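A.B. asks: sequence? don't have it. structure:
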């Protein structure tokens with residue numbers, strides 16, 4: 001099992017707001033679908049970083065820009081602007097940090113140029 005940390009404060013806030021709306025019954029149908037997909041992706045990351053559904057792979061342009069190996073995993077697929085999680089291994093062998101939550105970049109020339117990532121975070125599953 002991997003401990004997942006959120007490295008982007010806005011992402012942690014987004015997850016908490018989305019979770020609260022779903023639990024209180026105030027979330028839209030689209031938000032419920034996103035909550036389900038994101039929750040499943042985070043769960044799969046926590047138990048198996050290489051789960052086939054995640055299609056996890058490293059992103060060399062982001063690795064070069066940030067100076068550490070950056071990985072991308074699918075939240076969804078075959079959807080316009082399909083969601084992606086970007087993450088790194090933490091120094092501890094059982095921790096990863098989510099450093100970005102973005103739609104799939106569609107720019108064929110330099111798809112990852114617009115992706116901006118964070119580097120620190122707080123655990124979301126303690």
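C.D. replies: Received, thanks. Since we're looking at a predicted model, the values are computed, not measured.
A.B. asks: distance from the chain centre to stretch 31-41, please.
C.D. replies: Offset of stretch 31-41 from its chain centre (Cα atoms, centre = their mean, to the nearest Å): 11 Å.
A.B. asks: give me the contacts around that stretch.
C.D. replies: 15, 18-19, 21-22, 27, 54, 73-76, 83, 85, 101 (Cβ atoms under 8 Å, 6 or more residues apart in numbering). From N, CA and C alone the C-beta is placed, and that goes for glycine too.
A.B. asks: just the ones of those residues in strands?
C.D. replies: Judged by DSSP state E, the contacts of stretch 31-41 include 73, 74, 83, 85, 101 as members of strands.
A.B. asks: any chance of JSON lines for those, columns distance to residue 45?
C.D. replies: Shown next, in JSON lines, are the ones in strands among the contacts of stretch 31-41 (distance: Cβ to Cβ, whole Å):
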{"residue": "73", "distance to residue 45": "6"}
{"residue": "74", "distance to residue 45": "11"}
{"residue": "83", "distance to residue 45": "13"}
{"residue": "85", "distance to residue 45": "7"}
{"residue": "101", "distance to residue 45": "12"}
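A.B. asks: of all those, which two lie farthest apart?
C.D. replies: Pairwise distances among the ones in strands among the contacts of stretch 31-41 were taken by Cβ to Cβ; the largest, 12.0 Å, belongs to 74 and 101.
A.B. asks: who touches both of those two?
C.D. replies: Joint contacts of residue 74 and residue 101 (Cβ under 8 Å, 6+ apart) are 83, 84, 85.
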